[in-house]
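J.: Have a look; sequence and predicted model below, questions after that.
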Number of protein chains: 2
Amino acid sequence: MAIETSPAISALIKALEELPGYGPRSAQRAAFFLLAPERREKLEALKKALEGTAAIRRCRLCRTWCEAELCPVCADEKRDRSLICVVESVQDQMALDASLSWPGLYFVLSGRLSPLDNAGPAEIGLPQLLERIELGLCEDGLREVVVATSYTPEGDATAYYLMGAVKKRWPDLRITRLSRGLPSGLEIEYTDLASIAGAVEDRRRL
Amino acid sequence: MAIETSPAISALIKALEELPGYGPRSAQRAAFFLLAPERREKLEALKKALEGTAAIRRCRLCRTWCEAELCPVCADEKRDRSLICVVESVQDQMALDASLSWPGLYFVLSGRLSPLDNAGPAEIGLPQLLERIELGLCEDGLREVVVATSYTPEGDATAYYLMGAVKKRWPDLRITRLSRGLPSGLEIEYTDLASIAGAVEDRRRL
């Protein structure tokens, strides 16, 4: 660029460039968007929101993001504490809970097993999961652990690894995985072959 | 959402949602992206960059964003002070200057005339432009004002309005507009018809 932009503007563009989905041009656009006088309150809101993240920490039990020692789900007495659903991320947890189908608690891993990205069992939080299961068995009469990883190669590997680790320590604990099958609201004609194959294999009695 | 997300996270998602190109889902993705422990330094960088914007103000002469009283271009003694190029935005100014073709100074409007958006002559900064021209005539022997608005209906309207206002006060001041024509590096076959028509009308002698 021929004009040296002010260091403050360059810093803003560079910082915005790091956001997912943003590149140099969209970051520049966003920076000037925020700098326009009529949008200063948006800039202030973003600034304040980022400052507010200092209060965010992990729930002691399920490791989701929250602002107290326990997240609202783990603190909720109406939840069935004998069921724990293991998810890969807070986003997955939110999607699952939005389906209103899960009555129990959660445990949030830090992603999935992915040796190429150096994400081994310790990195994704397996030790914490085992501790959590131990605690659940002692205090809440834990009955079932559901592994809610996706049906992708990494999701499969993660599910089998977790299952192995849990089965080894507690051979009698019920451990399940979300079922494969046809997605709702989509014609079979347009469903991908792997989902159809999964639905055939896991077909259920009526 | 069934899970009440923490207020700090909701605030962050809401603030990110305001960024151009972001919607609810991408803002959520960006929020969790920034919250991941390994990306905390990106969050800090963005926070610091937003705080740094407090130092950004408008150049006294050309009204671009800068951190001093005069921007680097207006302070540059090698620039031809007798030429002023009027642009719609700082982004346009940066694009023009990156082309290394403009030896003079700039004046940055706040957008273009757009009655539907309540952007009249006062809103886009016409009074300040006239003051700037006056100053240029008194102090720098201003010779030419180039209107660098785009060849769109609003750009045309803005150019003609500015031209009228300037001609009325200083009938002898040379006022020009960037030429229309074929874009570089594009086959005529693929050029839009309005650009071809412009290139025919404004054809130049060889």
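T.: Arrived safely, thanks for sending.

J.: can I see the domain layout of chain A?
T.: Per automatic domain parsing, the domain ranges recorded for chain A read A:7-55, A:81-177.

J.: Let's have those in TSV, adding distance to chain B and mean pLDDT.
T.: Just so you know, the C-beta spots here come from the backbone N, C-alpha and C atoms, and that holds for glycine as well. Conversion of the domains of chain A to TSV gives the following (distance: least, Cβ to the nearest Cβ, whole Å; pLDDT from 0 to 100):
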stretch	distance to chain B	mean pLDDT
domain A:7-55	4	91
domain A:81-177	4	92
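
J.: Rebuild those as a markdown table, extending it with mean neighbour count.
T.: Converted to a markdown table, these look like this (neighbours: other Cβ atoms under 10 Å in any protein chain shown):
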| stretch | mean neighbour count |
| --- | --- |
| domain A:7-55 | 17 |
| domain A:81-177 | 17 |
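
J.: between the ones you listed, which one is nearest to B:Ile56?
T.: Closest to B:Ile56 of the domains of chain A, according to Cβ to Cβ: domain A:7-55, at 5.1 Å.

J.: and the end-to-end length of that closest one?
T.: With Cα to Cα, to the nearest Å as the measure, domain A:7-55 spans 29 Å from end to end.

J.: those helices in chain A, which residues are they?
T.: Ranges of helices within chain A are A:7-17, A:24-35, A:40-52, A:72-75, A:90-98, A:121-124, A:126-139, A:153-169, A:193-201, based on DSSP state H.

J.: who's in contact with the residue nearest the centre of chain A?
T.: Centroid-nearest residue in chain A: A:Ser89, 1.3 Å away (criterion: Cα atoms, centre = their mean). The contact partners of A:Ser89, by Cβ atoms under 8 Å, 6 or more residues apart in numbering or on different chains, come to A:Val108, A:Leu109, A:Gly111, B:Phe32.

J.: Over to A:Ala75?
T.: Residues near A:Ala75 by Cβ under 8 Å, 6+ apart: A:Ala68.

J.: Got the confidence number for it?
T.: A:Ala75 carries a pLDDT score of 93 in this model.

J.: Could you do A:Ala2 as well?
T.: 62.

J.: what does A:Ser179 give?
T.: Per the predicted model, pLDDT is 87 at A:Ser179.

J.: Name all residues that make contact with the closest residue to it other than its chain neighbours.
T.: Leaving aside its sequence neighbours, A:Ser179 sits nearest to A:Asp202 (Cβ to Cβ, 6 or more residues apart in numbering or on different chains; 5.6 Å). By Cβ under 8 Å, 6+ apart, A:Asp202 lies in contact with A:Ser179, A:Arg180, A:Gly181.

J.: quick revisit: so for B:Met94, which of the domains of chain A sits nearest?
T.: domain A:7-55 (8.0 Å).

J.: Can you check which strand is longest in chain A?
T.: Assignment by DSSP state E gives strand A:80-87 as the longest strand of chain A.

J.: elements contacting that one?
T.: Using 3 or more Cβ pairs under 8 Å, 6 or more residues apart in numbering or on different chains; DSSP states H and E, the elements in contact with strand A:80-87 are helix A:90-98, strand A:104-108, helix A:126-139, strand A:144-148.

J.: How about A:Val166: what's its closest non-neighbour residue?
T.: Nearest one to A:Val166, counting by Cβ to Cβ, 6+ apart, is A:Ile175 at 5.3 Å.

J.: give me every residue that touches that neighbour.
T.: Residues near A:Ile175 by Cβ under 8 Å, 6+ apart: A:Glu144, A:Val145, A:Val146, A:Val147, A:Leu162, A:Met163, A:Val166, A:Lys167.
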